[in-house]
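Colleague: Here's a sequence, model it:
(chains A and B)
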Amino acid sequence: MQPMTDKYREEAYTHADLYCIRHSAAHIMAQAVLDMFPDAKIAIGPPIEDRFYYDFALPRSLTPEDLETIEARMRDIIAGDYTFERRVVSADEAAAIFADQPFKLELIEGLKAGQFDENGNPIDDAPEISLYTQDTFTDLYRGPHVASTADINPDAIKLLSVAGAYWRGDENNPMLQRIYGTAWRTAEELEQHLWRLEEATRRDHRTLGKQLDLFSTNDHVGAGLVLWHPKGSIIRREIEAFWDELHDASGYDFVYTPHIGKSSLWETSGHLDFYADSMYAPLQMDDGQDYYLKPMNCPFHMHIYNSRTRSYRDLPLRFAERGTVYRFERSGTLHGLLRVRGFTQDDAHHFCTRAQMPDEIDFALDFCLTMLRGFGFEDFAAYLSTRPDKFVGGIDDWEQAEVALEAALHRAELSYEVDLGGGAFYGPKIDLKVKDTLGREWQLSTIQFDFNLPERFDITYTGEDGHEHRPFMVHRALLGSIERFFGALIEHYAGVFPVWLAPVQASVIPITDKHVAYADEVKKRLKAAGIRVEVDDSGNRMGYKIRAAQEQKIPYMLVVGNREMEDGTVAVRLRTEEDLGAMTVEDFIARAVEVIEAKSADL
RNA sequence: GCCAACGUAGCUCAAUUGGCAGAGCAAUCGCUUCGUAAGCGAUAGGUUAUGGGUUCGACUCCCAUCGUUGGCUCCA
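Modeller: Down below sits the predicted model:
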């Protein structure tokens, strides 16, 4: 279980040929853009995961047609078989070469001072300045490149999109135009990559949410505020029922707290100091008080803790709540269910003594994995974030907490990356991401120490020694937000939910109107067994009804005609297109109930 | 918030240079009563996101607002 840092990852990629291919492709693209816009100012153009980009300041906005032109020009340059020639120069020489390229001059200054490299990443030492030239284009780059432009496969490159990006990632800087492209060794690899992109589109939870009638948002309600439709709500209720069941079995106390609280509460918690910008504006009432919609549940839980004296005998104490919180996220950041303004955190706060703390973390991580595995996620990526430069609390507490987090990761046999100094100012944390069937990572769970709020709310317990002590407090969210989790779940399953989550589990399909009464009878019996079932009594033919059920990804289609009516059976067709033939209603119920109770992925 | 694109029927999309807003699916009503992914016909459905402007005339051009999308920034 080796920790793998970002730096290590980047190193590994640097030496791979795809890194060279993409970086070289970026340079070729920059040359193509300069051919088209001789006055263009070029910024940076690094390879990134699966792709590359280059940023430009251009006299006008690029259009999708421009991308085609640029791509065609890139193929010409590739066909030209121009060598990538490396040259080491002094900073002054470099400055002379890039005299009319202000972004490059800034980078050269950075290289000279040893502040950041040619991609704008922070570095320690001043490296030598090397240039690469192909044909008419020269760029700053440490290397390596492919030998010649002809080493790029013209059938394995594609420009993907154009987007705005701030120079050096700082929103106070000018906005540049960024062209994203992708480059691979072979046309097959490119094809595969494009297929993955299409597959991601096919699984898009926003599209599926509409098709399956799961949820919507609405101009009249407000951006980032989700309406859960009946079918989406069924899934949510199943998620929540499972969540309740596990929490009940694991020593949690359930709590409920209000949606708003007085300004003084958020002053005490510090939220108004740090996060006022992303909180909804206050409700100003006649009592002279300002009330705020809650951006977090913690302050309320603090007050529940503080509502009486606590003994070490009470600890560990675990308050759990699915609390709906509101954050006024910047408009440009909203995205389907994944980034919204009103969402339900599956929150819990653990309070424990110093001695209990390591076990408490073990417990929290185990619990987390149990829950996520229950939803069919098997592949996890863990991230440990440690103490930043600015922090509150004692260094000893931080160190013990970090040790406990790391030990829990080892015990759970999770590989993880360490983000040194990446923790929040109030405590170190573990973030857990799940990988879906396409290998994409979804940030869901977090287990996070807090050395700030216990202090601010002055929470204590009476120890064995009769004195007051400060408990350790841990925030913990497993699914993160129910909305975001739902989005991830939709995409993970591509809307083809396991039976226990499927909004409609069985569709009874009468072949003609004569069979509707029997279909209703079947429905009644299935319903009594707790199966979510509907009868398709539309005037359509059987084939049409099957198609309709198939499109709604309903797991079981129960066809009933004369034969079934006489025998008291149903003809079972699965959404996998497998035909199980006729079986008695009791047999079907037994099978379905077993699958549902086991939360099985199979039908 | 920033850059860019977009917003037409419940859904997916058309509509020539500014000149009568249309199709498929879904819905409704008929006909059909059918054996494992779309039977036939008819009807209805619109202040073209909202508000303003230019014009004889605006879905089309301009401005503002709201929303969506791709990114950037942010994400307690």
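
Colleague: which parts of the stretch 401-550 of chain A sit against RNA strand B?
Modeller: A:424, A:448, A:475, A:511-514, A:538-544, A:546-547, A:550 (CB under 7 Å from any atom of the strand). (C-beta placed from N, C-alpha, C; glycine too.)

Colleague: and if we set it to 10 Å?
Modeller: For the stretch 401-550 of chain A, the residues in contact with RNA strand B (CB under 10 Å from any atom of the strand) are A:422-427, A:429, A:431, A:443, A:446, A:448, A:450, A:452-453, A:475, A:477, A:484, A:509-516, A:536, A:538-550.

Colleague: Emit the ChimeraX select command for whichever of those are buried.
Modeller: To isolate the buried members of these in ChimeraX, using 16 or more other CB atoms under 10 Å:
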select /A:422,423,424,426,427,429,431,446,448,450,452,453,475,477,484,509,510,511,515,516,536,542,545,546,548,549
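
Colleague: list the contacts for A:Gly463?
Modeller: A:312, A:353, A:469 (CB atoms under 8 Å, 6 or more residues apart in numbering).

Colleague: From RNA strand B, how far off is it?
Modeller: Per CB to the nearest atom of the strand, to the nearest Å, A:Gly463 is found 28 Å from RNA strand B.

Colleague: now do A:Tyr518
Modeller: Distance, A:Tyr518 to RNA strand B, by CB to the nearest atom of the strand: 11 Å.

Colleague: returning to that earlier point: wait, which of the contacts of A:Gly463 is closest to A:His193?
Modeller: Nearest to A:His193, judged by CB to CB, of the contacts of A:Gly463 is A:Thr353 at 51.5 Å.

Colleague: Isn't the closest one up against A:Phe472?
Modeller: Yes: with contacts counted by CB atoms under 8 Å, A:Thr353 reaches A:Phe472, the gap being 7.1 Å.

Colleague: neighbours around A:Ala147, how many?
Modeller: A:Ala147: 13 surrounding residues under other CB atoms under 10 Å.

Colleague: Spit out the contact partners of it.
Modeller: Taking CB under 8 Å, 6+ apart as the test, what A:Ala147 contacts is A:83-84.

Colleague: The same query, at a cut-off of 10 Å, please.
Modeller: Going by CB atoms under 10 Å, 6 or more residues apart in numbering, A:Ala147 touches A:20, A:24, A:81, A:83-85.

Colleague: Which of the residues you listed ranks first by neighbour count?
Modeller: That'd be A:Ser24 among the contacts of A:Ala147, by other CB under 10 Å, with 26 neighbours.

Colleague: Need the pLDDT of it.
Modeller: As predicted, A:Ser24 sits at a pLDDT of 95.

Colleague: Same question for A:Thr63.
Modeller: Taking A:Thr63 on its own, its pLDDT is 89.

Colleague: next one: phi and psi at it?
Modeller: With angles defined as degrees, to the nearest 10, A:Thr63 sits at phi -120, psi 170.

Colleague: Now do the contacts for it.
Modeller: A:69, A:162.

Colleague: Point out where chain A drops to low pLDDT.
Modeller: Residue ranges of chain A with pLDDT under 70: A:1-15, A:124-126.

Colleague: How is it divided into domains?
Modeller: A:6-200, A:222-254+A:298-493, A:260-293, A:506-597 (automatic domain parsing).

Colleague: Strands - which of the residues of the stretch 401-550 of chain A next to RNA strand B land there?
Modeller: With strands taken from DSSP state E, the overlap with these comprises A:429, A:431, A:443, A:446, A:448, A:475, A:477, A:509-510.

Colleague: and the stretch 51-200 of chain A, which of its residues are near RNA strand B?
Modeller: Counting by CB under 10 Å from any atom of the strand, the residues of the stretch 51-200 of chain A close to RNA strand B are A:51, A:53, A:55, A:58, A:60-64, A:120, A:160-180, A:197, A:200.

Colleague: List only those of those flagged as buried.
Modeller: A:51, A:53, A:55, A:58, A:62, A:120, A:160, A:162, A:165, A:167-168, A:176-180.

Colleague: Which two among those are spaced furthest apart?
Modeller: So, these by CB to CB: farthest apart are A:Leu160 and A:Arg168, at 22.4 Å.

Colleague: Which of the contacts of A:Ala147 fall in strands?
Modeller: Going by DSSP E, the strands hold A:Glu85 from those.

Colleague: Next, the contact list for the most centrally placed residue in chain A, please.
Modeller: Centroid check for chain A by CA atoms, centre = their mean gives A:Trp442 as the closest residue, at 3.3 Å. By CB under 10 Å, 6+ apart, the residues touching A:Trp442 are A:338, A:377, A:381, A:432-436, A:480, A:484-485, A:487-489, A:491-492.

Colleague: partner residues bridging it?
Modeller: As for beta bridges, A:Trp442 partners with A:Val434 under DSSP bridges.

Colleague: distance of it from A:Leu409?
Modeller: 19 Å (CB to CB, to the nearest Å).

Colleague: With just CA atoms, put the strand or helix carrying A:Glu360 into PDB.
Modeller: For A:Glu360, the element it lies in under DSSP states H and E is helix A:357-374. Taking C-alpha atoms only, helix A:357-374 is exported to PDB below (Å, rounded to 0.1, in the frame of the first residue of the first chain):
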ATOM      1  CA  MET A 357      -9.800   8.500  18.400                       C
ATOM      2  CA  PRO A 358      -7.800   5.900  16.400                       C
ATOM      3  CA  ASP A 359     -10.600   3.300  16.800                       C
ATOM      4  CA  GLU A 360     -13.200   5.900  15.900                       C
ATOM      5  CA  ILE A 361     -11.400   6.600  12.700                       C
ATOM      6  CA  ASP A 362     -11.100   2.900  11.900                       C
ATOM      7  CA  PHE A 363     -14.700   2.600  12.500                       C
ATOM      8  CA  ALA A 364     -15.700   5.500  10.400                       C
ATOM      9  CA  LEU A 365     -13.600   4.300   7.400                       C
ATOM     10  CA  ASP A 366     -15.000   0.800   7.700                       C
ATOM     11  CA  PHE A 367     -18.500   2.100   7.900                       C
ATOM     12  CA  CYS A 368     -17.900   4.200   4.900                       C
ATOM     13  CA  LEU A 369     -16.700   1.300   2.800                       C
ATOM     14  CA  THR A 370     -19.500  -0.900   3.900                       C
ATOM     15  CA  MET A 371     -22.000   1.700   2.700                       C
ATOM     16  CA  LEU A 372     -20.400   2.400  -0.600                       C
ATOM     17  CA  ARG A 373     -20.000  -1.400  -1.300                       C
ATOM     18  CA  GLY A 374     -23.700  -1.700  -0.600                       C
END
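
Colleague: Which pair of the contacts of A:Ala147 spans the longest distance?
Modeller: Farthest-apart pair in the contacts of A:Ala147 is A:Cys20 and A:Asp81; separation 16.4 Å (CB to CB).

Colleague: How far does stretch A:558-569 stretch from one end to the other?
Modeller: Stretch A:558-569 stretches 9 Å from its first residue to its last (CA to CA, to the nearest Å).

Colleague: Do any residues in that stretch lie close to RNA strand B?
Modeller: Yes: under the criterion of CB under 10 Å from any atom of the strand, stretch A:558-569 makes contact with RNA strand B via A:558-567, A:569.

Colleague: any idea which of those residues has the most stuff around it?
Modeller: Busiest of these [other CB under 10 Å] is A:Leu558, holding 29 neighbours.
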